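Q: fold the following, please.
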Amino acid sequence: MADPEAAGRPGLPAQISDSVAMVWKRYAGRRPTDVETMVNGSRVACVLRDSVHGFDEAMAASGVDDDGKPLPVRTISGYEREAIEAVAKATRQRVVAFVSDHDRGTDVAKEIFILDGPPRRRPSIFLDHRTN
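A: Numbers count the residues shown, from 1 in each chain. This next block holds a predicted model:
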């Protein structure tokens, strides 16, 4: 059953999409052409289109840049750790499981994050915090 509170906040899926796309870009060298994120209770699913070939190539790339300077080491576990951190920060929930599926044939990646609970609401900046 979808969390109506999370589903009613269009900003959360967009924020998660942007965060995951930024992590992807750090590892693949470019953002996916499209990222679609769905939040359903404690499950977050991100579909990244036109992305797998670039990611695979970047992971297999040489460890030096054009000037011969060493590049930061890119690893799948590093990507997973950063993606989990990005989703945890956006949802304000701990990620308890992560499943990743990259399909080279369709050039689509699907990342599933299972949260400890539904995303937490951020308090409104308009709330009156005065005490009487």
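
Q: now the helices for this structure?
A: Secondary structure of the chain (DSSP state H): helices at 4-7, 11-28, 52-60, 76-91.

Q: just list what the last one packs against, helices and strands only.
A: Pointing back at helix 76-91 there. helix 11-28, strand 95-103, strand 108-115 (3 or more C-beta pairs under 8 Å, 6 or more residues apart in numbering; DSSP states H and E). C-beta here means a position set from N, CA and C on the backbone, and glycine is covered the same way.

Q: quick revisit: how about the helices of the chain in a markdown table, adding mean neighbour count, mean pLDDT and distance to His102?
A: Shown next, in a markdown table, are these (neighbours: other C-beta atoms under 10 Å; pLDDT from 0 to 100; distance: least, C-beta to C-beta, whole Å):
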| stretch | mean neighbour count | mean pLDDT | distance to His102 |
| --- | --- | --- | --- |
| helix 4-7 | 14 | 42 | 26 |
| helix 11-28 | 19 | 94 | 11 |
| helix 52-60 | 15 | 85 | 5 |
| helix 76-91 | 17 | 95 | 10 |
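
Q: so which of the ones you listed is nearest Thr106?
A: Closest approach to Thr106 among those is made by helix 52-60 (8.0 Å; C-beta to C-beta).

Q: list the contacts of stretch 37-47.
A: With C-beta atoms under 8 Å, 6 or more residues apart in numbering as the test, stretch 37-47 has contacts from 1-3, 6-7, 12-14, 16-17, 20, 35-36, 87, 91, 93, 108-119.
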